[in-house]
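Peer 1: Need a 3D model of the following:
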Amino acid sequence: MFKTTLYLSVLTGLLIFVGYLLGGKGGMFVAFLLSLAMNISSYWFSDKIVLAMHGAKQITEKKNKELFEMTRKLCNSAGIPMPKLYIYESAVPNAFATGRDYNHSAVAVSTGLLSLLDQRELRGVIAHELAHIKNRDILISSVAATIGGALSVIVEMSYGLGAMLFPSNNDEENSNPIAGLVVAIIAPIVAMLIQFAISRSREFEADATGAKIANDTQGLSLALAKLHSTQAKQLFMHDQHHAAHMASAHMYIANPLSSLGNLFSTHPPVKERIKKLESLEI
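Peer 2: Numbers count the residues shown, from 1 in each chain. Reported below is the predicted structural model:
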């Protein structure tokens with residue numbers, strides 16, 4: 001918990017530092033207020049924000065009986081309340097959990113995931129996402145996604161609407177245009193690395209917990225192998241929710257960016273995850 005709190009503090013500090021570089025003291029003050037608002041709002045509304053970013057729609061048991069029944073049984077096994085279930089339109093096969101606690105949680109799956117996996121594999125993925133809820137990972141991940149998304153918006157807006165969002169005063173130390181350009185390039189990368197560190201440290205534990213919840217290591221192993229072998233990277237880069245994927249990739253069951261190298265992977269290598277799953281005794 002200390003390490004995660006440190007990561008989030010650095011992410012918030014980065015947000016304020018970007019404001020300073022782009023708009024001097026005025027920009028730093030605006031960024032501070034924004035970071036304060038983001039931390040408060042992301043505690044109470046992070047699930048709604050992340051779900052809206054993906055265009056996720058809540059589903060009903062009447063129209064999605066099999067998914068509801070599967071999730072309910074897994075929740076009983078995990079000893080946690082039933083989360084709200086959402087589906088979002090995306091060719092990228094993925095899933096994520098969000099919310100602030102057991103009683104305010106949600107699991108979202110993409111249409112691409114539902115069309116790709118069989119029932120055993122889907123059960124493994126849902127169990128993994130419920131493990132994040134059981135292990136109380138979801139608030140940290142959701143807050144990180146919200147702040148990371150805010151940082152990206154600030155950098156983008158600062159060059160289109162910079163004078164409005166980060167007014168600079170000539171009587172004070174002004175923002176350095178070169179520093180602003182550098183931070184526009186570096187800040188999103190640093191934010192991603194912080195998000196990745198938060199996620200990578202939790203994935204092995206969620207895999208193990210999910211396997212115990214499902215009483216099956218093979219379901220998730222098969223799902224991970226199938227996700228890894230798909231052309232997810234190309235789908236990811238051209239999907240309509242590309243910006244949402246970038247901000248919240250650390251929340252997913254698997255991240256297509258992992259194919260670009262371990263440094264930019266929100267998750268441990270798939271082969272390592274599968275190897276650890278196969279070594280578990282259920």
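Peer 1: how about the nearest residue to residue 228, chain neighbours excluded?
Peer 2: Distance criterion C-beta to C-beta, 6 or more residues apart in numbering; nearest residue to residue 228, sequence neighbours excluded, is residue 270 at 4.3 Å. Every residue, glycine included, has its C-beta placed from N, CA and C.
Peer 1: Can you check what pLDDT the model gives that neighbour?
Peer 2: Looking at residue 270, its pLDDT stands at 88.
Peer 1: Next: residue 174.
Peer 2: For residue 174, the model assigns a pLDDT of 49.
Peer 1: Was I right to think residue 89 contacts residue 108?
Peer 2: No - at 11.2 Å, residue 89 does not count as touching residue 108 under the criterion of C-beta atoms under 8 Å.
Peer 1: Which of those two has more residues huddled nearby?
Peer 2: residue 108 (28 against 14; other C-beta atoms under 10 Å).
Peer 1: got the CA coordinates for whichever strand or helix holds the more buried one in CSV?
Peer 2: When elements are defined using DSSP states H and E, residue 108 is found to belong to strand 104-110. What follows is strand 104-110, C-alpha atoms only, in CSV (Å, rounded to 0.1, in the frame of the first residue of the first chain):
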residue,chain,number,x,y,z
HIS,A,104,-19.5,0.0,-5.4
SER,A,105,-17.8,-2.1,-8.0
ALA,A,106,-18.3,-2.9,-11.7
VAL,A,107,-16.8,-5.3,-14.2
ALA,A,108,-16.8,-4.4,-17.9
VAL,A,109,-16.1,-6.7,-20.8
SER,A,110,-15.6,-5.8,-24.5
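Peer 1: Compute the mean per-residue pLDDT across it, please.
Peer 2: Throughout strand 104-110, pLDDT has a mean value of 95.
Peer 1: again, but for stretch 19-39
Peer 2: Regarding stretch 19-39, the rounded mean pLDDT is 76.
Peer 1: again with stretch 119-127
Peer 2: Here the average pLDDT along stretch 119-127 is 98.
Peer 1: How about stretch 82-93?
Peer 2: On average, stretch 82-93 scores 93.
Peer 1: And the strands in this structure, which stretches?
Peer 2: For the chain, the strands defined by DSSP state E cover 57-58, 84-88, 95-101, 104-110.
Peer 1: so can I have CSV of those strands showing distance to residue 10?
Peer 2: Formatted as CSV, those follow (distance: least, C-beta to C-beta, whole Å):
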stretch, distance to residue 10
strand 57-58, 34
strand 84-88, 30
strand 95-101, 21
strand 104-110, 26
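Peer 1: wait, which of those strands is closest to residue 138?
Peer 2: Closest approach to residue 138 among these is made by strand 95-101 (5.0 Å; C-beta to C-beta).
Peer 1: for the strand holding residue 108, packing partners?
Peer 2: Applying 3 or more C-beta pairs under 8 Å, 6 or more residues apart in numbering; DSSP states H and E, one finds that strand 104-110 contacts helix 2-54, strand 84-88, strand 95-101, helix 119-134.
Peer 1: Please identify the buried residues of the third one?
Peer 2: Buried positions in strand 95-101, judged by neighbour count with 16 or more other C-beta atoms under 10 Å: 95, 96, 97, 98, 99, 100.
Peer 1: Just want the angle from that strand to helix 119-134.
Peer 2: For strand 95-101 against helix 119-134, the angle by axes from the mean of the first three to the mean of the last three C-alpha atoms, to 10 degrees is 30 degrees.
Peer 1: angle of strand 95-101 against strand 104-110?
Peer 2: 170 degrees.
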